[in-house]
Structure formats: structure tokens, C-alpha cells
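Asks: model this:
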Amino acid sequence: MHLIFLNVCPNLMAWWTGMFKNIDTTQDQFRISIDNWKRIGQRIIELMELIPGLFIRQLPDILTLGHTYLAEGWSFWLLHLAPYVLDGILPVEYYDHLMDLVALTQRAMSYDLTEEEVLTTFQDKCTGWVTDYERLYYQYKEEWTSACTATVHVIIHLLTDLWNCGPAWAHWAFVMEREVQWCKSQIRDSRKEPFAHLVHKELHCEQIRTIMLRFDLENELDI
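Replies: Numbering: from 1, shown residues only. As a prediction, the model looks like this:
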């Protein structure tokens with residue numbers, strides 16, 4: 001969750017917008033123009049109108065408000081939006097590299113990932129993706145050494161995490177992220193005594209849930 005959705009995805013976005021660690025990428029072919037970003041934003045708006053809110057909350061313009069994306073937003077962007085909206089905009093070699101990341105992420109999250117696959121093909125795919133990243137983005141330029149971030153390198157060791165902890169769905173932190181966001185939303189009006197305010201909010205919610213269960217009022221008191 002944190003490795004790919006909150007680190008690798010924002011870093012790739014920074015490369016495509018020319019804002020990665022103050023590296024001048026004006027002449028690089030993977031740089032996406034402002035006009036194309038406007039088209040991407042319009043495509044996303046059109047797509048989000050067709051996607052039920054049950055699947056994902058409304059995502060804002062990724063160019064101007066990408067910094068507000070949580071792991072859930074980056075996950076939906078990488079797995080469902082980027083393959084569509086970046087097709088024909090990113091150069092073929094860079095688009096294929098992105099799709100390799102999509103495939104890696106999908107397999108790491110899959111319910112049918114096997115031990116044999118983790119020990120054989122998965123390691124080669126992870127190493128190949130990092131090698132291609134260095135060739136396409138770092139480009140072996142000494143002045144671009146900062147492009148070789150630790151979070152990109154760690155993808156090589158993704159196999160170890162999967163072997164020790166199981167598929168990503170078994171140990172990711174989406175539930176905790178949602179709980180933290182809820183806690184933050186409950187203390188915005190009480191900065192003087194945030195913890196006491198949070199405790200009272202939680203107490204009131206539990207009281208309402210108890211009433212719902214006791215008197216069968218799930219529909220009437222939907223919270």
C-alpha cells in the first residue's frame with residue numbers, strides 16, 4: 001500500500017509533470033504537456049460520473065490536487081484510470097513500463113497468488129521493472145542519481161514481503177487509513193481538547209449503534 005500507492009505512483013506523476021526533485025526533464029519524451037493533462041482531467045471527470053460511489057469516492061483533478069490523494073485514490077488511479085487515460089499520451093515504451101507496474105500490483109493483490117509464482121516469475125518481473133525504471137528515467141546520468149529512490153529499489157525486495165507476510169490484501173492498511181481519516185475529521189472543530197472531543201464522538205456513535213441493534217433501526221438511523 002505505502003510502497004506503490006503512496007510512493008511510486010506520486011513519483012511517476014512527478015516525472016510526467018516535470019516536478020521530480022527539480023530535475024530538468026523539459027526535453028524528455030515522457031514529459032506530458034499541460035494540454036494533455038487537461039485532456040486527462042476531462043477524461044477522469046467523464047469516467048467518475050459513470051462509477052458508483054460505492055467503488056471509490058470522487059477523485060479531484062490529479063494535476064492540481066494530486067497531493068490530496070490517499071492510498072485508496074492512488075490505487076484506483078493506477079489500476080483503473082491510468083491504463084485508459086494515459087494510453088496514446090505516454091510514449092509506448094513508458095506506457096508499457098507503467099502497465100508492467102499495474103500487472104505487478106494486481107498479482108501482488110490477487111487471491112490466487114501461489115508460493116511457486118512468488119519464488120519464480122514474480123522476482124524476475126520486479127527486478128525487470130526496476131531495471132527498466134533506471135534505463136527510462138534515471139538514464140544513468142550522474143546528475144540524476146536522486147532519481148534512484150529507496151522506494152523504487154525496494155520493489156526488488158517485494159518478493160520477501162510477499163513470502164513473509166502473504167499477498168498484499170492480507171496485511172495492507174486501508175482499514176487503518178480510513179479510521180485515521182475519520183478521527184481527523186472528528187477533531188477539526190476542537191483543537192483545544194482534541195482527544196476529549198474524539199472520545200465523546202466515539203461514545204455517541206457507539207450509543208447510536210447500540211440503539212440501532214437493540215430496536216432494529218438500521219434503516220432509520222443509518223450512520
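
Asks: Could you point out which residue ranges in this structure have low pLDDT?
Replies: Confidence mapping of the chain against pLDDT under 70 gives the ranges 1, 189, 221-223.

Asks: Would you map out the domains in it?
Replies: Residue ranges for each domain of the chain read 4-170, 187-215, as given by automatic domain parsing.

Asks: so of those, which one's packed in deepest?
Replies: Among these, ranked by average contacts under mean count of other CB atoms under 10 Å, first place goes to domain 4-170 (a mean of 15). All C-beta spots, glycine's among them, are computed from the backbone N, C-alpha and C.

Asks: Helices along the protein, start to end?
Replies: With DSSP state H as the criterion, the chain has helices at 9-17, 34-48, 62-65, 71-76, 82-85, 92-109, 115-117, 123-133, 150-153, 158-165, 174-186, 194-215.

Asks: I'd like those helices as JSON lines, with distance to Lys141 appended.
Replies: Converted to JSON lines, those look like this (distance: least, CB to CB, whole Å):
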{"stretch": "helix 9-17", "distance to Lys141": "14"}
{"stretch": "helix 34-48", "distance to Lys141": "25"}
{"stretch": "helix 62-65", "distance to Lys141": "26"}
{"stretch": "helix 71-76", "distance to Lys141": "27"}
{"stretch": "helix 82-85", "distance to Lys141": "26"}
{"stretch": "helix 92-109", "distance to Lys141": "17"}
{"stretch": "helix 115-117", "distance to Lys141": "35"}
{"stretch": "helix 123-133", "distance to Lys141": "14"}
{"stretch": "helix 150-153", "distance to Lys141": "15"}
{"stretch": "helix 158-165", "distance to Lys141": "26"}
{"stretch": "helix 174-186", "distance to Lys141": "36"}
{"stretch": "helix 194-215", "distance to Lys141": "47"}
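
Asks: Which one, of these, ends up nearest to Phe55?
Replies: Nearest of the helices of the chain to Phe55, taken as CB to CB: helix 71-76 at 7.7 Å.

Asks: what residues does stretch 140-154 touch?
Replies: Contact partners of stretch 140-154, identified using CB atoms under 8 Å, 6 or more residues apart in numbering, comprise 3, 7-8, 11, 20-21, 23, 130, 133-134, 137-138.
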